[in-house]
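>>> here is the input, now give the coordinates:
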Amino acid sequence: MSTLIDLFLVFLKIGAISFGGGYAMIPFFETEMVSHNWVSLADYVKVIAIAQVVPGPFAVDSSSYIGFKVAGIVGAIVATIALCIPSFVASVIITKFYTQFKANRYVNALLMGVRPAVLGLLLSAAYIIGLKPLYQTTHTFMSLTMLKAFIMAVAGYFVLNQKKVKIGTFTFIAATAVVGILLF
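This is a model prediction of the structure:
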């Protein structure tokens, strides 16, 4: 029973303090999941990959997976509900008082202040997903794969950022598929 309470409180906290969507929650997820020994850092990167593939919001998918891994079906339900409660309550309150919030300078100032924090959380998420696995000596194959993916992403950005390159969507997807098959 205490595991379910821990799951509920942790995911309620993550849902309450996270702004900016599911990817901004990645640093909070990592800190909480690893500190509670629910998943290892290497497994958490796999959770991120699985949550991106499964249809639905990233944060909900991640919370369901981790809840299931910790306490089965009941754990998945508890973690998902706990994560969604704060945003549901905030949505109800904002909907009820929308006209007052819309022009309130304090609310606008709060939202302007949250923007840099969300950017920092997204950069932290990019670090956790993209660069942190490179420093894990126990996961050499995964580190090399991440390094190749990072190099390809940077090279692709510079190639596509050139004004002379005009490439269609289908050609771009086909080219990246070929590169992915060859390198990975």
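
>>> what about the strands in this protein?
Defined through DSSP state E, the strands belonging to the chain form an empty list.

>>> which of the helices and strands in it ranks last by mean pLDDT?
Lowest by mean pLDDT, DSSP states H and E among the helices and strands of the chain is helix 140-161, with a mean of 65.

>>> any weak-confidence spans in the protein?
1, 19-20, 129-150, 158-165, 180, 183-184 (pLDDT under 70).

>>> so in it, which helix runs the longest?
When the chain is parsed with DSSP state H, its longest helix is helix 58-96.

>>> just checking, what packs against that helix?
Contacts defined by 3 or more Cβ pairs under 8 Å, 6 or more residues apart in numbering; DSSP states H and E place helix 58-96 against helix 2-17, helix 26-35, helix 41-53. C-beta: built from backbone N, CA, C; applies to glycine.

>>> can you tell me the closest non-neighbouring residue to Pro57?
Once flanking residues are discounted, Pro57 sits nearest to Gly22: 5.6 Å by Cβ to Cβ, 6 or more residues apart in numbering.

>>> number of nearby residues for Glu32?
18 (other Cβ atoms under 10 Å).

>>> my guess is it meets Val10, correct?
Yes: if you go by Cβ atoms under 8 Å, Glu32 and Val10 touch, sitting 5.0 Å apart.

>>> burial count for Val53?
8.

>>> ignore what I typed, I meant Thr176.
Neighbour tally, Thr176, other Cβ under 10 Å: 13.

>>> now for the nearest residue in space to Phe101 that is not next to it in sequence, how many residues are close by?
Closest residue to Phe101 apart from its sequence neighbours, by Cβ to Cβ, 6+ apart: Val107 at 5.0 Å. The number of residues packed near Val107 is 14, by other Cβ under 10 Å.

>>> and for Leu121?
Residues near Leu121, counting by other Cβ under 10 Å: 20.

>>> from Ala24, how far off is it?
Leu121 is 4 Å from Ala24, where distance means Cβ to Cβ, to the nearest Å.

>>> what do those two both touch?
Taking Cβ atoms under 8 Å, 6 or more residues apart in numbering as the contact rule, the neighbours common to Leu121 and Ala24 are Ser18.

>>> what domains does the record give for this structure?
The chain breaks down into these domains under automatic domain parsing: 2-136, 137-184.

>>> deepest of those domains, which one?
domain 2-136 (a mean of 16; mean count of other Cβ atoms under 10 Å).

>>> and the one residue sitting closest to the centre of the chain, how far is that from Tyr157?
Nearest to the mean C-alpha position of the chain, by Cα atoms, centre = their mean, lies Tyr23 at 2.7 Å. Separation of Tyr23 from Tyr157 (Cβ to Cβ): 19 Å.
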